[in-house]
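K.L.:
quick check, what structure comes out for this input:
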Amino acid sequence: MRLPLHLAVDQVKNQVRNSLKGQKRYPYVLMLEPLYTCNLACLGCSTERHTGKLKDRMSLEDCLAAVDESGAPTVSICGGEPTIYPELKELLDGIIERKRHIYLCTNALLLDTKVFGKIDPHKRLTINVHLDGMKETHDFVCNREGVFDKAIEGLKEAIKLGYHTTINMTIFKETKVDEIEEVCEFVSGLGVHGILMSPGYQYESVERDMFLTRQDIQTKFQRIIEISSKYRLTSTPMFLEFAAGMRDYPCSPWSTVTRTPLGWKGPCYLIGKRYYDTWDEFWNGVDWEYWESRKDPLCRNCAMHSGFEASVVRNLHRSPKDMVRIAAWHVLG
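P.N.:
Numbering: from 1, shown residues only. All right, here's what the predicted structure looks like:
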C-alpha cells in the first residue's frame, strides 16, 4: 500500500466518526512544534526557527495535551529540529500509547546520537527527512556544506535499522524538474517508503526571492505529474493536478492544526495571524470561511499540501472516478 495500512484505516475512521457527528470541520493532522530551536538556518524557513531557545520549548505535558485536544490521528512533529527536544522519547511513547501515527520531521543531522539506539522502530513512527535536492542544491538551501551527505547517511542507517522512512521535498523557484526526478530515483534506490512534494510557501519573514508564483507552481507540477507514476509519491494524484492548475479546490486550513511554544497558531500552519492560549479559543476564534475562500493576499501563491490534501478527500464523493483513482493509488502504490 502507498501508506501504512493502520494509518490509512485510522484516517478513514476519523472521517467516518466526525461525519456521523455532523462535523463539517475537524483536524486530520496535528503539526506539533515542541520547540523552535534548530541546528540549521535554512534559507526558506521563517526566522523564529533560527533563533528559538531550548528553555522556551513546550513541556511534555502540553505536547500530549495538544495531541488529545486536537483528536487528529496523525501527529507531525516538527519545529525547529525535533531531535533536539530533550523529552523526545517520552513524547513519542506518549503519542504511540494514544494510537496516533507520528511523522518525525528532521534534517537527519542528529539521528545517530538522538534516535538510533534510543528510540526503537515502531509501526506508528515514520522518520521524515527534509531533502530539498541533490548535494549542491540541498546544502545551498540549508545554508551549510555537508548537510546532504549527513542526511543521506542518516537515511541509509534508518532504513537498515528498520524504521519506516520518507522524505519531504520542498519545491523552490530554483528547483529544476530534472533534479526532482534525480532525487526521486536516488532515494528510491535507497529504499525510502515515500516521497512528499510540495511548493514552498513565502513566509513574510523570509526576504530571499526563492519562492514560486502560482504560474511557476503550475509549470513545475505539470512536469512532476509526468514522472509521478514512476516513483512512490505520497502526494495524491488530485493534489498534484491541483498544484498543476488542472483542477481547483477551496482550502481546508483547519485540517492541519498547529501547536507551538507560543500557543495554537491561527489560521493555519503557514500563517500566524494570532496565537491562542487554548484549543477552544483557537477552534472557535478563527474565521474558517474566510480562510477557506483563499481571498486573503497571503494565500495568493499557496498550494501547500497542508491546506489542500484534505480538500481532495472532502471532494472525493463528488466524483466516482476520483474515488476509484484514490483507492487504486493507495492499494497499488
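
K.L.:
so where's this structure uncertain?
P.N.:
Across the chain, the ranges flagged by pLDDT under 70 are 44, 46-51, 201-211.

K.L.:
which strand is the longest one in it?
P.N.:
For the chain, the longest strand by residue count, based on DSSP state E, is strand 164-171.

K.L.:
in it, which residues are buried?
P.N.:
164, 165, 166, 167, 168, 169, 170, 171 (16 or more other C-beta atoms under 10 Å). Just so you know, the C-beta spots here come from the backbone N, C-alpha and C atoms, and that holds for glycine as well.

K.L.:
closest to residue 76 out of the residues you listed?
P.N.:
residue 168 (9.6 Å; C-beta to C-beta).

K.L.:
related to what we said a few turns ago, now the helix or strand that comes right after the longest strand of the chain against strand 164-171, angle please.
P.N.:
Using DSSP states H and E, the next helix or strand after strand 164-171 towards the C-terminus is helix 177-190. For helix 177-190 against strand 164-171, the angle by axes from the mean of the first three to the mean of the last three C-alpha atoms, to 10 degrees is 170 degrees.

K.L.:
which residues touch the longest strand of the chain?
P.N.:
4, 44, 103, 105, 121, 123, 125-133, 141, 155, 158-159, 180, 183, 187, 191-200, 212, 217, 220-221, 224, 234 (C-beta atoms under 8 Å, 6 or more residues apart in numbering).

K.L.:
and for stretch 291-305?
P.N.:
196, 198-199, 201-202, 204, 211-214, 217, 221, 235, 239, 242-243, 250-253, 267-271, 290.

K.L.:
buried members of those into ChimeraX, please.
P.N.:
Selection of buried members from those for ChimeraX, criterion 16+ other C-beta under 10 Å:
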select :196,198,199,201,202,211,212,217,221,235,239,242,243,251,252,253,267,268,269,270,271
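
K.L.:
okay, the helix or strand hosting residue 67 in CSV with CA atoms only?
P.N.:
Applying DSSP H and E as the criterion places residue 67 in helix 60-70. C-alpha atoms of helix 60-70 as CSV (Å, rounded to 0.1, in the frame of the first residue of the first chain):
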residue,chain,number,x,y,z
LEU,A,60,5.9,17.2,27.6
GLU,A,61,2.5,17.6,29.3
ASP,A,62,1.5,20.5,27.0
CYS,A,63,2.6,18.5,23.9
LEU,A,64,0.5,15.5,24.9
ALA,A,65,-2.5,17.7,25.9
ALA,A,66,-2.3,19.1,22.3
VAL,A,67,-2.5,15.6,20.9
ASP,A,68,-5.6,14.9,23.0
GLU,A,69,-7.3,18.2,22.3
SER,A,70,-6.9,18.1,18.5
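
K.L.:
residue 52 and residue 262: what is the separation?
P.N.:
10 Å (C-beta to C-beta, to the nearest Å).

K.L.:
more neighbours, the two?
P.N.:
residue 52 (21 against 16; other C-beta atoms under 10 Å).

K.L.:
distance-wise, check that one relative to residue 144.
P.N.:
Counting by C-beta to C-beta, the gap from residue 52 to residue 144 is 18 Å.

K.L.:
and residue 275, that one's in a strand?
P.N.:
Yes: assessed with DSSP: H, G, I helix; E, B strand; the rest coil, residue 275 lies in a strand.

K.L.:
residue contacts, the closest residue to residue 238 other than its chain neighbours?
P.N.:
Spatial nearest neighbour of residue 238, excluding adjacent residues (C-beta to C-beta, 6 or more residues apart in numbering): residue 312 at 4.3 Å. Residue 312 makes contacts with 236, 238, 239, 242, 249, 326, as judged by C-beta under 8 Å, 6+ apart.
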